[in-house]
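Participant: Mind looking at a prediction? Sequence and model below.
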Amino acid sequence: MSEEKSLNFIEEIIEADLANGKYATILTRFPPEPNGYLHIGHAKSICLNFGLALKYGGKTNLRFDDTNPVKEETEYVDSIKEDVTWLGFSWANELYASDYFDQLHQFAVTLINKGLAYVEDSNADEIASLKGSPTEPGENSKNRDRSIEENLSLFAAMTEGKYQDGQKVLRAKIDMAANNMHMRDPIIYRIKHAHHHRTGDKWCIYPMYDFAHGQSDSIEKVTHSICTLEFIPHRELYDWFIEKLEIFPSKQYEFARLNVTYTVMSKRKLLQLVEEQYVQSWDDPRMPTISGMRRRGYTAESIRNFCERIGIAKRENLIDVSLLEFCVREDLNKLANRVMAVVDPVKLVITNYPEGQTEELVSENGPDDSYGTRIVPFSRELWIEREDFMEEPAKKWFRLAPGAMVRLKSAYIVKCDNFQKDPDGNVTEIHGTYITESKSGDDITGIKVKGTIHWVSVSHALQAEIRLYDRLFKVENPSQEEGDFKDYINPDSLQVIENAFVEPSLKNAALSTPYQFIRKGYFCLDKETTPGKLVFNRTVSLKDAWSKEVKKA
RNA sequence: UGGGUUAUGGUGUAACGGUAGCACUACAGAUUUUGAUUCUGUCAGUCUAGGUUCGAAACCUGGUAACCCAACCA
């Protein structure tokens, strides 16, 4: 009956864990560090973690990994919560690694008491020089064999602020010859006299990622702790701490992070784009951030569908951005009301239409009756799209040309009689005549035209600014190219059209309402719209068979 | 001169030792008052060399390639 849908490898693990009674229910977590904005790669992780819990009747915690006070801010916490909510997910608990600082500190003392941690006096360079390399073992530190008592008192002194940043660290005592570099006596606590966004000045020592993440998972009793591939080497340490501390055995699983063509995904690179003003902000519609995509008009539904379609696996991937665009169009096609807007206007005068006359034509808002209809005013002078007229028509040209006829959408068939040009050769005005009996819905002429074009009445049109976005980079994988990724930025990723015209019904356009500008694409109102000025973003263009035809020629 | 992870059409992902499937892209056609949507069809794949097996994309061995690991970042 129902189609057997294949499981990804994490679902297989979960189903096995549930089937053999290892867990009665699952708990996942989404653990961002609040040091930047979420992007589409995070969306993959969010959809995975929350989706798994939804699918298997479990829960998901939102946990902020805030163990480095110098990089983290409440501003980011707020944006992350907004983005996760917008994507359509609810967390069971809003938690912070910093909630566990007392507990984590106690864990460190436990390790010292077990002879499994020691205070290190050496500085960063000295520690690094004894660490060895992937091909050579490291050497033990001279501080490695301090007594438990000495370690205890030194760690207490660290905690009390008796030392400067960098003077001492606490290290786990594992194996300086381990193949896994993370097992070579990793640092677990460091001194930072810094203000923390939540704990303020209570602490001057902070746990490292490896001494916070797994333990936080364990404290919350997370069953499946899912992260990206680069954390594979950390898993051995993750398990080591849990084993030595004898706490709830959360398990870490890793999947391949998302890459998308024609963009970059690392926080560092995205930050550069913002700071060096290649884009205007984190929510610039060209950015692969959740906030950028939201502003551009991508729907949460389409992003969730995208994350579903790309799948979960362990191999490196570079997803074609056209799949994302497909998902956006697929959703918007269902949602968007159709309206008419002329992006690059040229005037069409219908010489046999009475001057001063206006007709209120009825136009459908979408592909079927459920979308309803609206009134569109028609008059003698119309704006039409410059690209819909061709002085010398190409082969298979269905649009306007001298002597040719087209249907004006929801209105009349019009025949082009002549046109005017300026001294530079640009067409300035087109003249035509309409066929009176060809009114949309009441056409008794029997004339078949191949083309239908959109239009707006000159005297009724609203002026608008339209922003057209293109891919941010000129190459598929900017990070992989020679040299600086910024050398591959597409200089034409934003095209601002100040002088477009839209139909009057758009006067009351609302933010977050998607529109299809017929034959041009999906658009949404931008937040920079003011009472005197409409601003629209192009979310994504429509598929365009004609432009392909042109390319072939 | 170490260790780890991964190799399936252009892209992504299935096939769990038994007919290599699905989606996107590309291409062709039908429908269309959006050259959109919808519908139909086409092209195209198991990294390599051995081995195990009646049978291998899958299991084993070698090779090759890509990515990750030596932050007081996460």
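Facilitator: Yes, it's here.
Participant: Spatially, which residue comes closest to whichever residue of the stretch 351-500 of chain A sits closest to RNA strand B, not counting chain neighbours?
Facilitator: Closest to RNA strand B within the stretch 351-500 of chain A is A:S440: 2.9 Å, counting by Cβ to the nearest atom of the strand. For every residue, glycine as well, the C-beta is placed using N, CA and C. Spatially, and ignoring its direct neighbours in sequence, A:S440 is nearest to A:S410 (4.8 Å; Cβ to Cβ, 6 or more residues apart in numbering).
Participant: Let me see the contact set for the one you found.
Facilitator: A:361-364, A:376, A:440 (Cβ atoms under 8 Å, 6 or more residues apart in numbering).
Participant: about what we covered before: doesn't the residue of the stretch 351-500 of chain A closest to RNA strand B lie inside a strand?
Facilitator: No: applying DSSP: H, G, I helix; E, B strand; the rest coil, one finds A:S440 to be coil, outside a strand.
Participant: Quick one: residues contacting it.
Facilitator: With Cβ under 8 Å, 6+ apart, A:S440 has these contacts: A:361, A:407, A:409-412.
Participant: thinking A:D526 is in contact with A:R296, fair?
Facilitator: No: at 9.0 Å, A:D526 does not count as touching A:R296 under the criterion of Cβ atoms under 8 Å.
Participant: Looking at those two, which one has more neighbours?
Facilitator: A:R296 (23 against 18; other Cβ atoms under 10 Å).
Participant: State the distance from the more buried one to A:L462.
Facilitator: 22 Å (Cβ to Cβ, to the nearest Å).
Participant: where does the stretch 301-450 of chain A have low pLDDT?
Facilitator: For the stretch 301-450 of chain A, no stretch has pLDDT under 70.
Participant: do the same with chain A
Facilitator: Residues of chain A that meet the criterion pLDDT under 70 lie in A:1-4.
Participant: okay, now A:H42: neighbour count?
Facilitator: A:H42 has 24 nearby residues by other Cβ under 10 Å.
Participant: mind listing what it touches?
Facilitator: A:32, A:83, A:290.
Participant: Repeat that for A:D424.
Facilitator: So A:D424 contacts nothing (Cβ under 8 Å, 6+ apart).
Participant: quick one: the strands in the stretch 251-400 of chain A?
Facilitator: A:251-255, A:337-339, A:341-342, A:345-350, A:359-364, A:373-378, A:381-385 (DSSP state E, counting those that start in this stretch).
Participant: would JSON lines of those strands with distance to RNA strand B and mean neighbour count be doable?
Facilitator: As requested, the strands of the stretch 251-400 of chain A are exported to JSON lines (distance: least, Cβ to the nearest atom of the strand, whole Å; neighbours: other Cβ atoms under 10 Å):
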{"stretch": "strand A:251-255", "distance to RNA strand B": "7", "mean neighbour count": "18"}
{"stretch": "strand A:337-339", "distance to RNA strand B": "5", "mean neighbour count": "19"}
{"stretch": "strand A:341-342", "distance to RNA strand B": "11", "mean neighbour count": "28"}
{"stretch": "strand A:345-350", "distance to RNA strand B": "16", "mean neighbour count": "20"}
{"stretch": "strand A:359-364", "distance to RNA strand B": "8", "mean neighbour count": "15"}
{"stretch": "strand A:373-378", "distance to RNA strand B": "11", "mean neighbour count": "18"}
{"stretch": "strand A:381-385", "distance to RNA strand B": "10", "mean neighbour count": "23"}
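Participant: Now distance to A:V222 too, for the ones you listed, in a markdown table please.
Facilitator: Formatted as a markdown table, these follow (distance: least, Cβ to Cβ, whole Å):
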| stretch | distance to A:V222 |
| --- | --- |
| strand A:251-255 | 9 |
| strand A:337-339 | 44 |
| strand A:341-342 | 49 |
| strand A:345-350 | 57 |
| strand A:359-364 | 51 |
| strand A:373-378 | 51 |
| strand A:381-385 | 55 |
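Participant: what's the closest of those strands to A:Q420?
Facilitator: strand A:345-350 (9.4 Å; Cβ to Cβ).
Participant: Output the contacts of A:S440 in JSON lines; the columns should cover secondary structure.
Facilitator: Output for these, formatted as JSON lines (three-state DSSP):
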{"residue": "A:L361", "secondary structure": "strand"}
{"residue": "A:R407", "secondary structure": "strand"}
{"residue": "A:K409", "secondary structure": "coil"}
{"residue": "A:S410", "secondary structure": "coil"}
{"residue": "A:A411", "secondary structure": "coil"}
{"residue": "A:Y412", "secondary structure": "coil"}
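Participant: Same list (these) but as JSON lines, adding distance to A:L245.
Facilitator: Compiled in JSON lines, the contacts of A:S440 are given as follows (distance: Cβ to Cβ, whole Å):
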{"residue": "A:L361", "distance to A:L245": "74"}
{"residue": "A:R407", "distance to A:L245": "74"}
{"residue": "A:K409", "distance to A:L245": "69"}
{"residue": "A:S410", "distance to A:L245": "71"}
{"residue": "A:A411", "distance to A:L245": "75"}
{"residue": "A:Y412", "distance to A:L245": "79"}
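Participant: what does the stretch 251-400 of chain A have sitting close to RNA strand B?
Facilitator: A:256, A:309-320, A:322-323, A:326, A:329-330, A:333, A:338, A:366-367, A:396-399 (Cβ under 7 Å from any atom of the strand).
Participant: mind listing the helices for the stretch 101-250 of chain A?
Facilitator: Using DSSP state H, counting those that start in this stretch, the helices of the stretch 101-250 of chain A run over A:101-113, A:124-129, A:148-159, A:213-220, A:232-245.
Participant: How about the longest one and RNA strand B, touching?
Facilitator: Yes: against RNA strand B, helix A:232-245 shows contacts by Cβ under 7 Å from any atom of the strand at A:232-234.
Participant: Filter those down to the buried ones.
Facilitator: Buried members of those, counted by 16 or more other Cβ atoms under 10 Å: A:H234.
Participant: got TSV for the residues of helix A:232-245 next to RNA strand B, with distance to A:I191 too?
Facilitator: Output for these, formatted as TSV (distance: Cβ to Cβ, whole Å):
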residue	distance to A:I191
A:I232	29
A:P233	25
A:H234	22
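Participant: Out of the residues of helix A:232-245 next to RNA strand B, flag the one nearest to A:S250.
Facilitator: So of the residues of helix A:232-245 next to RNA strand B, ranked by how close each gets to A:S250 (Cβ to Cβ), first place is A:H234, at 13.0 Å.
Participant: Do I have it right that A:R294 meets A:D283?
Facilitator: Yes: with contact defined as Cβ under 8 Å, A:R294 reaches A:D283; the gap is 7.4 Å.
Participant: Next, give me the two most distant ones among the contacts of A:S440.
Facilitator: Farthest pair in those, by Cβ to Cβ: A:L361 and A:R407, 12.5 Å.
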